[in-house]
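*Asks:* compute the structure for the input listed below.
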Amino acid sequence: MTSTGKWTDGVEGVLLDITGVLYESGPSEAIQGSLEAVKRLKEAGLPVRFCTNETTCTRQVLVDRLKGFGFDIKPEEVFPPIPAMCQVLKERNLRPHLLIHPNASADFSDVTTENPNCVVLGDAIHEFSYANLNKAFQILVSLNNPILFSLGKGRYYKDEGNLVLDVGSFCRALEYACDIEAEVVGKPSATFFNTAVKNMGLNAEKVVMVGDDIVSDVGGALASGMRGVLVRTGKYRSTDEDHPTVKPSAIVNNLSEAVDILIKSRKPNWDGLAELA
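*Replies:* Here you go, the predicted structure:
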């Protein structure tokens, strides 16, 4: 699909992925045009929420990083998986064994982890050792009702110019070993997407998601009743455009181009009005 079309019709809110859409992972700077794009969306009166599977740091660290790039962003506009995960754990009286990145542990400070009765898997990066994965496996198989949570289920992402394994790859290993299916808290879960949509006071059909992940971002958004726009930045690969099951509402070069199309679609057709006068 080209970057023009009807995906803009009736859009009243925008969800944005962060890494690969606003900035590239690793030591970097904002992707060209993304700062101005976010600013233009807000100036146009469109509510914007940032829906991310980032679990290698706390939400506050992520917000501070984005502010360091120059983005005007508030913590309450950012929807990462960990706060939602903590809420689920409390509601269900669960005590997790955490296999997460050490930098993200502060966001679990209020969660009881003694005598675990479930496992929570995040993007642990170097913590994904055999010993740590085996420990998670042993806890799961020791439970009468093993519960595995995965903070997202991406297969890979881009870090410092290279594609690297994401949490979904390790989640699949535990699912196979324990013969269970993980509960996903994060993209592409419809529940996770809809939390951000409801926060804007909108219905899913009025919202567009812009992301660089054809499955988690675009596919998840489409399955949730939203439009899904794929950008050719971040982890994007040319083969994404011919995905066998996920067909984006549009494919654009970057966030700036998506916003240009969206903003222009909202302007009155002054030429047509002049002809009618």
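*Asks:* dump the residue contacts of residue 22.
*Replies:* 16, 30, 31, 34, 38, 50, 66, 69, 71, 255 (CB atoms under 8 Å, 6 or more residues apart in numbering). No exception for glycine: its C-beta is placed from N, CA and C like everyone else's.
*Asks:* oh sorry, the question was meant for residue 157
*Replies:* 19, 20, 25, 163, 164, 166, 213, 234, 235.
*Asks:* any chance of those residues in JSON lines, plus secondary structure?
*Replies:* JSON lines is the format used below for those (DSSP: H, G, I helix; E, B strand; the rest coil):
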{"residue": "19", "secondary structure": "strand"}
{"residue": "20", "secondary structure": "coil"}
{"residue": "25", "secondary structure": "coil"}
{"residue": "163", "secondary structure": "strand"}
{"residue": "164", "secondary structure": "strand"}
{"residue": "166", "secondary structure": "coil"}
{"residue": "213", "secondary structure": "coil"}
{"residue": "234", "secondary structure": "coil"}
{"residue": "235", "secondary structure": "coil"}
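*Asks:* any chance of those residues in TSV, plus neighbour count?
*Replies:* Putting the contacts of residue 157 into TSV (neighbours: other CB atoms under 10 Å) gives the following:
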residue	neighbour count
19	23
20	22
25	19
163	12
164	14
166	22
213	30
234	22
235	25
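*Asks:* and which of the contacts of residue 22 is nearest residue 175?
*Replies:* Nearest to residue 175 out of these is residue 50 (CB to CB; 28.5 Å).
*Asks:* direction included, what does whichever strand or helix holds the closest one pair up with?
*Replies:* Using DSSP states H and E, residue 50 sits within strand 48-51. Here strand 48-51 has these sheet partners by DSSP bridges: strand 13-16 (parallel), strand 78-79 (parallel).
*Asks:* just the contacts of residue 22 now: which is nearest residue 102?
*Replies:* Nearest member of these to residue 102, counting by CB to CB, is residue 66, at 21.2 Å.
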